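**Q** sequence unknown, structure follows:
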DNA sequence: TCCATAAGTTAGTCATACCTAATTTATGGT
DNA sequence: ACCATAAATTAGGTATGACTAACTTATGGA
């Protein structure tokens, strides 16, 4: 089912950097199940909503997304393939920079953001091989395979856990260097075990037990931390 | 003498990829001593001369070149600085790809051509450090230092040598993969010793003695090979 | 049911960087 | 001194991808 029809969904046309960025953003937003909304894409990419409208038309014309006016965008198979390819580049580069060149995890995102549009498939594969084909990037995000498949592990937001719940940190957002430095200081890194001690209502602070210490963080920060639930876990959505 | 006057010669403004490519091309062409001509730049970059005229106006406005209409372009100090920075990126990347990731010397140019516009200074410095701060790239081209200085070694074209001359291969052109594969096959790589056995008039073939073998190459190819003259060397320009 | 507000789109503009076609300038040979 | 030719430039056009301002559509609360 590859390159069967010529007219639609270009199989190997070079995409521009901005197009790859849009596809990544739409992929990210679509993970919730809902189509990616114009304003959400604009916010994520830091551009004006009007600019997104224009690009959405272009992406639809290229067969990379489906789009119903006023009702958001969804990736097509071709669009998803391109998004996963870019995600793989991004995450392999992040992993390589930390493993092979001594970067700290808070400095790799910006570098990868630029290199992901310039690196060839061969370079990415060589990088991945050189560091032992890691399954995730330094922030715990899974790396799509060479052939474009990705199994997203089932995770919940730390902010959705209830007091008593135990969990393992799976993944943290990678796009804010300062946040990453703070999390590292707290010991909230992929693989760390945590337990929710208490949480205050109305988006209040969440008290956590870490390996040796106890810390309290805000709900906003906790929603950027994805965990694999352990004992007495709950996936209740009513925790607001 | 850094960032003294604000109005001219922007010290740290981000340059676009194409601008960096033009500066590299002008730097290369200016090595002959003559200003870089519009048509020569166009040929080197594979674009139309009319496009070069437009860009030359922009580069002059940016304070990166001086330009007298109909009389070619010369880099300013700021332009030369930017060109050397890009050259450093290009050559460090080429060296890193061969030393650290197993690339062959004929495959690094295209990759570097794209990465050089995306890599940060920090990345370049880390790459250089990781492979022991090499003085040249895999094709023998000198790598500008961190602070933007470059000593070009004194070299002559292999095509300028006369029969009997002995020389050491210093550097070969890096931009044609097929040529590089052929040169590797011949054993014409930086560091190799060669002696000119004979040469035919009117741009005729040049007979060479290499380590164990003898080979004959054309003048066109020989002009892409720079050598450090040894015994009985001549720098006669009349060798045409 | 209506309508205020939020979300999305259109219209019009700009900068970059390329193109082809037409024109202008420079230069060397007679 | 002239002029044919090569080199360079200008004129006008295209695509990408961003912007602001103005307008349209969708939606939920009274």
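**A** The structure has been received and is ready for your questions. All values reported here derive from a predicted model rather than from experimental measurement.
**Q** do the longest helix seen in chain A and chain B meet at all?
**A** Longest helix of chain A, by residue count under DSSP state H: helix A:77-101. Yes. Helix A:77-101 lies in contact with chain B when judged by C-beta under 8 Å from any C-beta of the partner chain; the contacting residues are A:97, A:100, A:101. For glycine as for every other residue, the C-beta is placed from the backbone atoms N, C-alpha and C.
**Q** out of the residues you listed, which is most surrounded?
**A** The most crowded member of those is residue A:97, carrying 25 neighbours; neighbours defined as other C-beta atoms under 10 Å in any protein chain shown.
**Q** who's in contact with that one?
**A** With contacts defined as C-beta atoms under 8 Å, 6 or more residues apart in numbering or on different chains, residue A:97 is in contact with A:103, A:107, A:108, A:111, A:112, B:123.
**Q** near DNA strand C, which residues of chain A?
**A** Where proximity means C-beta under 7 Å from any atom of the strand, the interface of chain A facing DNA strand C comprises A:37-40, A:49-50, A:52-54, A:56-57, A:67, A:69-70, A:72.
**Q** same thing but at 6 Å, please
**A** Residues of chain A found near DNA strand C, taking C-beta under 6 Å from any atom of the strand as the criterion, are A:37, A:38, A:39, A:49, A:50, A:53, A:54, A:56, A:69, A:70, A:72.
**Q** part of a strand, is residue A:163?
**A** No. If the criterion is DSSP: H, G, I helix; E, B strand; the rest coil, then residue A:163 is coil and not within a strand.
**Q** how many neighbouring residues does it have?
**A** Residue A:163: 12 neighbours (other C-beta under 10 Å).
**Q** for it, what are its contacts?
**A** When contacts are counted by C-beta under 8 Å, 6+ apart, residue A:163 is found next to A:196, A:197, A:198, A:199.
**Q** out of these, which one sits closest to DNA strand D?
**A** residue A:199 (26.2 Å; C-beta to the nearest atom of the strand).
**Q** what residues does that closest one make contact with?
**A** Residue A:199 makes contact with A:162, A:163, A:205, A:206, A:207, according to C-beta under 8 Å, 6+ apart.
**Q** residue A:186 touches residue A:210, doesn't it?
**A** Yes. Applying C-beta atoms under 8 Å, one finds residue A:186 in contact with residue A:210, separated by 7.0 Å.
**Q** quick one, strands of chain A?
**A** Listed in chain order, the strands of chain A (DSSP state E) span A:65-67, A:73-75, A:156-157, A:166-172, A:193-199, A:206-209, A:214-217, A:225-229.
**Q** now those strands in JSON lines, with mean pLDDT?
**A** Shown next, in JSON lines, are the strands of chain A (pLDDT from 0 to 100):
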{"stretch": "strand A:65-67", "mean pLDDT": "96"}
{"stretch": "strand A:73-75", "mean pLDDT": "97"}
{"stretch": "strand A:156-157", "mean pLDDT": "91"}
{"stretch": "strand A:166-172", "mean pLDDT": "95"}
{"stretch": "strand A:193-199", "mean pLDDT": "92"}
{"stretch": "strand A:206-209", "mean pLDDT": "93"}
{"stretch": "strand A:214-217", "mean pLDDT": "92"}
{"stretch": "strand A:225-229", "mean pLDDT": "92"}
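**Q** and of those strands, who's closest to DNA strand D?
**A** The closest approach between DNA strand D and any of those, judged by C-beta to the nearest atom of the strand, belongs to strand A:65-67 at 12.8 Å.
**Q** which elements pack onto that closest one?
**A** On a contact count with 3 or more C-beta pairs under 8 Å, 6 or more residues apart in numbering or on different chains; DSSP states H and E, strand A:65-67 meets helix A:49-61, strand A:73-75.
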